[in-house]
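>>> Dropping the sequence and predicted coords here.
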Amino acid sequence: MEKMMLAIGRLKEGEGKFEKFMAFFQSDEGMAMRKAAAHVEKTVPGILPDKSGIMFKVHVHNEEEMMGIVKGTNPVMKPIYDECIQSIELFELTQVSLDEKKD
């Protein structure tokens, strides 16, 4: 079952952490890891203006894989996580209907 989730990450302080993280996420190795957890083509990225944080709205098809990525325990993600990530929070998203309810 597919779930929409929001991952919000804080990067460690230091020169080039954002660029290094994004280069990994866009690499063949990073893309393969991401595809194992979510539909990459549906991912919506965002960054803080000062590049100190990132967020991704993702359509997750493998929650266990996603948890490994977010926790930094995924073996492919671990080195870049340890070097660049301060923390990541993960939220489940539910769509809110904008239709007026009729009594």
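Now that the structure is in, tell me what you want to look at. Computed from a prediction, not measured in an experiment: that's the story for all the values here.

>>> pLDDT below threshold where in the protein?
Under the criterion pLDDT under 70, the flagged ranges of the chain are 102-103.

>>> can you give me the strands in it?
Secondary structure of the chain (DSSP state E): strands located at 3-11, 44-47, 53-60, 85-92.

>>> Which elements pack onto the shortest one?
For strand 44-47, the elements it packs on are strand 53-60, judged by 3 or more C-beta pairs under 8 Å, 6 or more residues apart in numbering; DSSP states H and E. C-betas here are computed from N, CA, C, even on glycine.

>>> so the strand it packs on versus strand 85-92, what angle?
For strand 53-60 against strand 85-92, the angle between stretch directions is 40 degrees (axes from the mean of the first three to the mean of the last three C-alpha atoms, to 10 degrees).

>>> partner residues bridging H59?
M4 (DSSP bridges).

>>> list the contacts for it?
Listed by C-beta atoms under 8 Å, 6 or more residues apart in numbering, the contact partners of H59 are E2, K3, M4, A38, H39, K42, T43.

>>> How much space separates the third one from H59?
When you say that, I think you mean M4. Summarising the geometry, the distance separating M4 from H59, computed by C-beta to C-beta, to the nearest Å, is 6 Å.

>>> likewise the fourth one?
Summarising the geometry, the distance separating A38 from H59, computed by C-beta to C-beta, is 6 Å.
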